[in-house]
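J.: give the three-dimensional model of this entry:
(chains A and B)
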There are 2 protein chains.
Amino acid sequence: MMTDDSSIFIGGKPFMNYVTGVVMQFTTKGADEVIVKARGKFISRAVDVSEVAIKRFLKGQADIKDVRIDSEEFENKEGKLVRVSTIEIFLGKIK
Amino acid sequence: MMTDDSSIFIGGKPFMNYVTGVVMQFTTKGADEVIVKARGKFISRAVDVSEVAIKRFLKGQADIKDVRIDSEEFENKEGKLVRVSTIEIFLGKIK
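T.: Numbers count the residues shown, from 1 in each chain, chains lettered A, B, ... in the order given. Now for the predicted structure:
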């Protein structure tokens, strides 16, 4: 869930785990920036996590600084080319 | 699906309907900008539509210029406050 550079990768764990993870990066760990990342169907969830963290728990303390989307094409098990979308949501401390 | 300002709102119709809608805005209708919008669970799909349109059909012609996320809180039928996330993906012609 957490890597060195304060990235949080969104998957299928309980929703509030991720929200708490984001909030604690800013509050307990003193991070200036947290990047919420997701792929495919978890992209909607990454936006939800970021919005709840910022608007309900970090109001006036942190904000959305940038949002980047991209996609990667790769071969699946059946040898078929599939494209998977990605998102990176950059949250930053309000100075 | 289409409004005046070249917005395309993503819902549950077949995926390629939306991709074709985006591509035609640039090619047939000569738009300089198209905004792909979605709410809630359709956010992942809006990213997929944008990525397929740009990378497969509009390569070198249009690109992602900006991505904005937000959320709205409202009362549902049961009188409970719920938050719904939104996304706006700004696609623009490459000059």
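
J.: quick one: mean pLDDT over stretch A:84-95.
T.: The average pLDDT within stretch A:84-95 is 96.

J.: which residues are in contact with the strand or helix carrying residue A:36?
T.: Using DSSP states H and E, residue A:36 maps to strand A:33-39. Residues outside strand A:33-39 that contact it (CB atoms under 8 Å, 6 or more residues apart in numbering or on different chains) are A:5-11, A:18, A:22, A:25-26, A:45-46, A:49-50, A:62, A:65, A:84-93. Quick note: C-beta positions are derived from backbone N, CA and C, even for glycine.

J.: these: which ones sit near chain B?
T.: A:50, A:85, A:87, A:89 (CB under 8 Å from any CB of the partner chain).

J.: of these, closest to chain B?
T.: residue A:85 (4.4 Å; CB to the nearest CB).

J.: angle of the strand or helix carrying the closest one against strand B:81-93?
T.: Under the criterion of DSSP H and E, residue A:85 resides in strand A:81-93. Calculated by axes from the mean of the first three to the mean of the last three CA atoms, to 10 degrees, strand A:81-93 forms an angle of 110 degrees with strand B:81-93.

J.: and the angle for strand A:81-93 with strand A:33-39?
T.: Going by the same axes, to 10 degrees, strand A:81-93 makes 160 degrees with strand A:33-39.

J.: partner strands of the strand holding residue A:36 and their direction?
T.: Applying DSSP bridges, strand A:33-39 is found paired with strand A:7-9 (parallel), strand A:81-93 (antiparallel).

J.: okay if I get the ones you listed as JSON lines plus mean neighbour count and distance to residue B:39?
T.: Below are the strands paired with strand A:33-39 laid out as JSON lines (neighbours: other CB atoms under 10 Å in any protein chain shown; distance: least, CB to CB, whole Å):
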{"stretch": "strand A:7-9", "mean neighbour count": "18", "distance to residue B:39": "23"}
{"stretch": "strand A:81-93", "mean neighbour count": "18", "distance to residue B:39": "16"}
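
J.: redo those strands as TSV? Include distance to residue A:56.
T.: Putting the strands paired with strand A:33-39 into TSV (distance: least, CB to CB, whole Å) gives the following:
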stretch	distance to residue A:56
strand A:7-9	16
strand A:81-93	13
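
J.: relative to strand A:33-39, how tilted is the helix ranked longest in chain A?
T.: The longest helix of chain A (DSSP state H) is helix A:15-27. Here the directions of helix A:15-27 and strand A:33-39 differ by 150 degrees (the same axes, to 10 degrees).

J.: could you say what helices and strands helix A:15-27 packs with?
T.: Contacts defined by 3 or more CB pairs under 8 Å, 6 or more residues apart in numbering or on different chains; DSSP states H and E place helix A:15-27 against strand A:7-9, strand A:33-39, helix A:43-52, strand A:81-93.
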